[in-house]
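Student: Quick one: sequence and predicted model below, then my questions.
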Amino acid sequence: MLSLSGIRDMFAFWRPKRPPVPFAVQFKKFEMILTRNNAILELMADMGDKLSGEYVFDGQYIVSACERLGDLVFKLISDLSVLTQRKNVDLFLAFESIQHQIEEELAGRHSFPNTSLTMPLEDLNRDVSEEAGNKLAHLGDVRNLLGLPTPDGFVITSKAFFDFMAHNDVTRRVEEGLARLDQGPLSGSEADEGALDALSLDIRTRILEGEVPRPVAQQIAAMLDVLAARHGGKATLFAVRSSAWGEDAEFSFAGQYESVLAVPADKVLSAYKRVLAGAYSPEVWRYRLHRNYKENETAMAVGCQAMVEAEVSGALYTYAPLAREEDAMVISATWGLGAPVVDGTAETDTYFIDRTPTHAVRSAEIAHKPLRLTALAGGGTGLADVEPALRDMPCLSPARIQRLAQTAMTIERFYKRPQDVEWSFDAQDVLYILQARPLNMQPRQALSCPDPSMSVVDATRNAEVIFSGKGTVVQHGVAVGKVFVARNDADLAHFPNGAILVTHHTSPRFSRVMRAAQGIITDVGSATGHMSALAREYRVPAVVNTGVATSLLKTGDEITLDTTRNAVFRGAVQELCRFELTSEESFEESAEYRLLRRLLKRIVPLNLVDPHSEQFKASACRTFHDITRWIHEKAVEELIEVSERHWHRSGATQRRLTSAQPLGLMVIDLDSGPVPSPEDRDVRQDELDSVPLGALLDGLTQSGMWSTEPMSVDLGSFMSSFTRTFSSASAAPGKIGRNLAVVSHEYMNLHLRLGYHFNIIDAYIGERVNDNYIYFRFLGGVTDFMRRSRRARCIALILERLDFRVEVHGDLVVGRIKKLPPDRMREKMLVLGGLIGYTRQLDVCLREDEDIGRHAEEFLKRITPLLEVRND
Amino acid sequence: MTDDIKPGGKTRILILDDEPIVCKRLKPSFQKAGYEVETFTDSASALSRVEETRFDIVITDLKMEGVDGMRFLTRVKELSPDTGVVVITGFATLDTAKESFRKGAFDFVAKPFKLSDILDTVRRIEDKQRLDKGLRAG
């Protein structure tokens, strides 16, 4: 019998004997791969930056960037095929599959190759709104980022929706039905109106009578089991709610989609179908059509959450929609479940409250509330009598009103829109957020100025400017509130909700007040710092490095911070705040933004992280980033192999560096001639004549920062490295793979993988200052994302202090420096050597954000004496 | 053509780009910065608008259906030589940039661009217009 390896041997003839291609030619191809590799990474980062909101981009940009990227990746694969003289079929197939997904997205068809059919609420945030729908994605942010309680649950994703619709042949019928409408669905002609009604009925019937595909049904059952187990069998009734694309976003679709309350586990599937069918009622269908929703933008994810045993429930608008109640929010509340409040079918208590802290109650109208809606034990809801003593009592205590108001403002600050919040208190006094959606207000209505044409500029014309144009804007927005000056970390404990934080320096410790702060102003600090990243994440308007904040502002001052114009005004310029809350601009709501975000999911995530893993193979590439990463690894391997196997005729000499540190470094010296025999192939550092490599190795050795001591890994990061399928053995020095440096006297191209860290240095250090450059790239692995990005920021901080031009994208750090005299360039290279040694173990030390600065300082302290000695 | 006095003293901007997203993003940003803004996604309506009223600043895309951005630029400068025109385009080449400047564009901005960049460009036009007016008056 022929074994697999036998077959391989039989076909070995296909692989032609390598012609003795001069090494210089192959190295040129290798360099081309590197250049393209960098171009791809930069283009990916560039596309990612477009999601920040800083840029104006159009559909044309998206199309052309995707084209350019596809083109680069295709050529990169071709380069590798030339270098390795292999066909790389798997790689081309992976490329074709990704390219196809991108083309489908660009053509308006959705593909969810990596999406599951259900997702737990703890995994949801605004980045997954395509999968989870808007309502549940928002709720995910409310729970996971803002830290507010929401009923436990999961979402049945839009992928499940598409599967259901295809499985029951509904997608096709929708398309055909719409095409049949004579004048188009919006013609208003009687015939078409009737036809749409008939189509709606047909589609809804098919959905209600349809079959939930088996994998979907199984996933739902599994999720329900998880919920039941987690709540000790108490979670027996569920709210099944719509979470459609576009719902609760630009248009609220408020009350148009279906929700089913108090559903027992065995009825969840039929409730699911009811909610799906709700997407095709004639009313909601027209609503979508009138707002130019494309039919292919209809997708119904469905949330399934445990019912709250509500004592009191209701709705809160952070802006009362009444002109006479200026700057007030309004709460409607009743006993029991909140559905009657939203439907408008029950008598409710109404409270008007100041928007600004301390949220004083302006008025309270207490209604007679004889009945409450309640979940029935066997499922469904019913009305029950309210105890006589409670019927005419206010159903909210002053303390609960305070909590509601603060919570709602926390949500509003995050979303930068007035909010319509549905909530419940249970008997244990837990405040649950059931839903938060933007409250759409007309700018005029909100701008309740005496003269409606009065604009923002007029509003600030008479305001005193305390300072403007100073420092760096980190996050756009407007904050109106009282200043709180924090002199030290202890002060933060007294930070009042809704205040504006003013401090001398930025600090990652501010994360603890991020949810409470309206805005942040600092004297010093940088836009790339950690606090800035947090401000962006929590969308807190922030300016850093103003130089004057703490000297001009004191605790208790009422100010208005407008970071869009970078100005601080004395007093509350509420018009600015209102303008911000009502401005049409919200780039996340544009179709182009959503499209780019969907596309980037096929491009950017890196799944191939561990070259030792079984999964590190061409066929496992799922994104362009995967392909790029894999090719780079293979190209380096190939170059090592070529020069090793053909050392006698390739013209290149590959030698193994014997060094104190187990670098596993193979050195190809472009200057030196062939080495007589393989026995002479060990080389000591002092035998090499490469300026850049010499300086780097000096840095590694002399800094004493290389430590082979086993690193102390706490349990959390240990587990996380397991889940990323690394074996801890692969980090052991003995197992370090072969690394490569191609050098000449002035030049070095280094690929150094140490444990999970991946360093690339490309450098030229010669006498002509203008030719000199160092390009340094660091990409790390292992440990959780927070630590990886902390490490990236730590490295960036160090490089910045050493005058490198630095870019950080996630855990990728790129540092560049050029055109310095040779001795200064050598100095920088020496530092990089030290840095490589130092950061080898760094990620596992960075447990806290404050460790970043501490480790950066420590490194600089240790490396400086070395530089001084050399300067002497 | 109306005279130089702007209603309420506000600088008036016309934005023309056939992709609605560009107008949708630029309009509120300029409004918030205190400008009076009109946006158009088709060049015919934009053209008839500049025929009937004067704008201080025009921001136009280059490649569109119907009237080409370059012709729009030319017409705007014919009607009102003082109007500052900013050309925004996703197909930036040296040639189109040169041609835009020859036809009187104040600046040429490649898409995608940062909001702050285009705001800066507009402020520079205003500075220049103020300076020119000062010189004329002096």
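Tutor: On my side now, so go ahead.

Student: In terms of pLDDT, where does A:R324 sit?
Tutor: A:R324 carries a pLDDT score of 65 in this model.

Student: Ok, A:E858 next?
Tutor: Listed pLDDT for A:E858 reads 84.

Student: Give me the most central residue, the chain.
Tutor: Using chain A here. A:D127 (6.1 Å; CA atoms, centre = their mean).

Student: let's do chain B instead
Tutor: Closest-to-mean residue, chain B, CA atoms, centre = their mean: B:V58 / 1.6 Å.

Student: phi, psi of that one?
Tutor: Dihedral angles of B:V58 (phi, psi; degrees, to the nearest 10) stand at phi -120, psi 130.

Student: ranges for the helices of chain B?
Tutor: B:20-32, B:43-52, B:69-79, B:94-102, B:115-137 (DSSP state H).

Student: actually the stretch 51-200 of chain A, sorry about that
Tutor: Using DSSP state H, counting those that start in this stretch, the helices assigned to the stretch 51-200 of chain A run over residues A:59-84, A:89-106, A:129-144, A:158-167, A:170-180, A:190-209.

Student: Figure out the length between the terminal residues of stretch A:300-320.
Tutor: 30 Å (CA to CA, to the nearest Å).

Student: before we move on, the earlier item: could you check the pLDDT of the residue nearest to the centre of chain A?
Tutor: In this model, A:D127 is scored at 72, pLDDT.

Student: try A:A279
Tutor: The model's pLDDT for A:A279 equals 91.

Student: Find the nearest non-adjacent residue to whatever residue of the stretch 701-850 of chain A ends up closest to chain B, please.
Tutor: Residue nearest to chain B within the stretch 701-850 of chain A: A:E807 (16.0 Å; CB to the nearest CB). Backbone N, C-alpha and C define where each C-beta goes, glycine included. With CB to CB, 6 or more residues apart in numbering or on different chains as the criterion, A:E807 has its nearest non-adjacent residue at 4.7 Å, and that residue is A:V814.

Student: same deal with A:L373?
Tutor: Nearest residue to A:L373 in three dimensions, chain neighbours excluded: A:L337, at 4.2 Å (CB to CB, 6+ apart).

Student: show me the contacts for that neighbour.
Tutor: The contact partners of A:L337, by CB atoms under 8 Å, 6 or more residues apart in numbering or on different chains, come to A:L261, A:A310, A:S313, A:R372, A:L373, A:T374, A:A375, A:T381, A:S424.

Student: How about the residues of chain B by chain A?
Tutor: Within chain B, the residues that sit near chain A (CB under 8 Å from any CB of the partner chain) are B:8, B:10, B:17, B:19, B:21-22, B:24-29, B:31-34, B:90, B:111-116, B:118.

Student: re the thing from before, chain B is nearest to which of the helices of the stretch 51-200 of chain A?
Tutor: Minimum separation from chain B across these (CB to the nearest CB) falls at helix A:59-84, 4.5 Å.

Student: how far away is B:I59 from A:E54?
Tutor: From B:I59 across to A:E54, the span is 18 Å (CB to CB, to the nearest Å).

Student: So between the two, which is more surrounded?
Tutor: Set side by side, B:I59 and A:E54 show more neighbours around B:I59, with 27 against 16, by other CB atoms under 10 Å in any protein chain shown.

Student: residue contacts, the more buried one?
Tutor: B:I13, B:L14, B:I15, B:L16, B:D17, B:L26, B:V85, B:V86, B:I88, B:I118, B:V122.

Student: Just the buried subset of those, please.
Tutor: B:I13, B:L14, B:I15, B:L16, B:D17, B:L26, B:V85, B:V86, B:I88, B:I118, B:V122 (16 or more other CB atoms under 10 Å in any protein chain shown).

Student: Throw the residues you listed into CSV and include distance to A:K294, thanks.
Tutor: Shown next, in CSV, are the buried ones among the contacts of B:I59 (distance: CB to CB, whole Å):
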residue, distance to A:K294
B:I13, 31
B:L14, 29
B:I15, 25
B:L16, 25
B:D17, 21
B:L26, 24
B:V85, 34
B:V86, 32
B:I88, 26
B:I118, 29
B:V122, 34
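
Student: Quick check: closest non-adjacent residue to B:L79.
Tutor: Spatial nearest neighbour of B:L79, chain neighbours left out: B:V50 (6.0 Å); criterion: CB to CB, 6+ apart.

Student: What distance do you get for that neighbour to A:E614?
Tutor: 65 Å.

Student: And these two? Which one has more around it.
Tutor: Set B:V50 next to A:E614 and count neighbours by other CB under 10 Å: B:V50 wins out with 23 against 8.

Student: Mind exporting the C-alpha coordinates of the host helix or strand of A:G694 to PDB?
Tutor: Take DSSP states H and E as the rule and A:G694 turns out to sit in helix A:691-702. C-alpha atoms of helix A:691-702 as PDB (Å, rounded to 0.1, in the frame of the first residue of the first chain):
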ATOM      1  CA  VAL A 691      27.600  47.900  12.100                       C
ATOM      2  CA  PRO A 692      23.800  47.600  12.700                       C
ATOM      3  CA  LEU A 693      24.000  44.000  13.900                       C
ATOM      4  CA  GLY A 694      27.000  44.700  16.100                       C
ATOM      5  CA  ALA A 695      25.200  47.500  17.800                       C
ATOM      6  CA  LEU A 696      22.100  45.500  18.300                       C
ATOM      7  CA  LEU A 697      23.900  42.600  19.900                       C
ATOM      8  CA  ASP A 698      25.900  45.000  22.100                       C
ATOM      9  CA  GLY A 699      22.600  46.300  23.300                       C
ATOM     10  CA  LEU A 700      21.300  42.900  24.000                       C
ATOM     11  CA  THR A 701      24.400  41.800  25.900                       C
ATOM     12  CA  GLN A 702      25.600  45.000  27.700                       C
END
